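Q: Here is my input, please return the structure:
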Amino acid sequence: MISKSITIDHKPLGNGQPYFQQFGERIPRMPSCGEPVVLTMTAEPKHQVEAAQVRWNTGESSGIAPCTCLGTSDSVGNSPGDRYWTAVLPAMKKPGEMTYQFILQTGFGTQYSQQYSYRVGRNTECRLTGVQSLGDHECLLIFDEDLTLHIQATAHSIQMIWGNEKQSVKPDDLSSGDALTLKAPWGSASVGLHDFSLAVTDREGRSLLTSVSPPVIREVYSGDQRMLRYVKQEFFSPDDEVFTGFGERYTRINH
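A: Below you'll find the predicted structure:
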């Protein structure tokens, strides 16, 4: 039976599965500035779609993104096998809204999906504005954007706890030195007071942990348009380093 009606299946946020994303979703679900976005879509009946593309608009620029067909259907009408469509939208360089729409070509003409959209927020590199020494084993770093980082060298590990609150206490003078060193039985942690570099070494001076760049606050928007802020911090990982104990996760935090 030949159907002239095409059903387009594109669920930008998927079914909420936290562990992996499935075909038909937007990847990432909540984009941020500088991230290209991969769109995936299926259509029913699968074998009746001959070509597809995505029309996009940011208000300042617009364009057409071609869709690539993936699957086992050999040609239109000859096989009822699977057909999946994917397209890449350009990364947005500044905060704003992206709207997009799928356009399908079939043997019966052109069909259009509904309009979809997402918003992106700022990416802000945090600037270290102050530090409070809390003894030989811990300190509190104060950044702009009301961001704080509590670092504590315990008997067996180093703990880092991010916070997001205004600090009413006066920080120590940053001009007193280039770094603050926290001591522990297993080694030490050196915190750069001007560029926020973090270097952790063992008792023999061998590197255990080294930061790559200052922390960045990334703003993204959820499906109900709530603005969410999270901190991105990158560290160098040696070849022989092992990660364990992350457990289950149900949030956007990338472990």
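
Q: Just the C-alpha atoms of whichever strand or helix holds residue 131, please, in CSV.
A: Residue 131 is part of strand 128-133, with elements assigned from DSSP states H and E. The C-alpha trace of strand 128-133 is given here as CSV (Å, rounded to 0.1, in the frame of the first residue of the first chain):
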residue,chain,number,x,y,z
LEU,A,128,40.2,34.2,40.0
THR,A,129,39.6,37.3,42.2
GLY,A,130,40.6,36.1,45.7
VAL,A,131,41.8,33.3,47.9
GLN,A,132,41.3,32.5,51.6
SER,A,133,43.9,30.3,53.2
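
Q: what is the rounded mean pLDDT of stretch 218-234?
A: For stretch 218-234, the mean pLDDT works out to 83.

Q: Of all the residues in the strand holding residue 131, which ones are buried?
A: Within strand 128-133, the residues that count as buried by 16 or more other C-beta atoms under 10 Å are 128, 130-132. Yep, even glycine has a C-beta here, placed from its N, CA and C like the rest.

Q: same question, stretch 17-37
A: 21, 23-27, 29-33, 35, 37.

Q: thinking again about what came up before, may I see the buried residues of strand 128-133 arranged in a markdown table, with pLDDT and distance to residue 90 as well?
A: Listed next are these as a markdown table, based on pLDDT from 0 to 100; distance: C-beta to C-beta, whole Å:
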| residue | pLDDT | distance to residue 90 |
| --- | --- | --- |
| 128 | 79 | 33 |
| 130 | 77 | 39 |
| 131 | 79 | 40 |
| 132 | 80 | 43 |
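
Q: Which one of the residues you listed is nearest to residue 216?
A: Closest to residue 216 out of these is residue 128 (13.0 Å), distances taken as C-beta to C-beta.

Q: Could you look up the SS state of the nearest residue to that closest one once chain neighbours are set aside?
A: Once flanking residues are discounted, residue 128 sits nearest to residue 196: 4.6 Å by C-beta to C-beta, 6 or more residues apart in numbering. Classification of residue 196 by DSSP: H, G, I helix; E, B strand; the rest coil places it in coil.

Q: Next one, pLDDT for residue 196 please.
A: At residue 196, pLDDT is 76.

Q: again with the one 3 residues further on
A: Among the per-residue scores, residue 199 holds a pLDDT of 87.

Q: residues contacting the residue nearest to residue 128?
A: 126, 128, 141, 143, 211, 214-215 (C-beta atoms under 8 Å, 6 or more residues apart in numbering).

Q: Can you lay out the residues you listed as a markdown table showing secondary structure and distance to residue 46?
A: Formatted as a markdown table, the contacts of residue 196 follow (DSSP: H, G, I helix; E, B strand; the rest coil; distance: C-beta to C-beta, whole Å):
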| residue | secondary structure | distance to residue 46 |
| --- | --- | --- |
| 126 | coil | 47 |
| 128 | strand | 54 |
| 141 | strand | 54 |
| 143 | strand | 51 |
| 211 | strand | 48 |
| 214 | coil | 48 |
| 215 | coil | 45 |
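
Q: thinking again about what came up before, just the buried residues of stretch 17-37: which are in strands?
A: 26-27, 37 (DSSP state E).

Q: Distance check, residue 191 against residue 214.
A: 12 Å (C-beta to C-beta, to the nearest Å).

Q: neighbour count winner among those two?
A: residue 191 (21 against 17; other C-beta atoms under 10 Å).

Q: The more buried one contacts residue 141, doesn't it?
A: Yes: between residue 191 and residue 141 there is a contact under C-beta atoms under 8 Å: 6.9 Å.

Q: Return every residue with contacts to both of those two.
A: Counting by C-beta under 8 Å, 6+ apart, the common neighbours of residue 191 and residue 141 are 131, 151.
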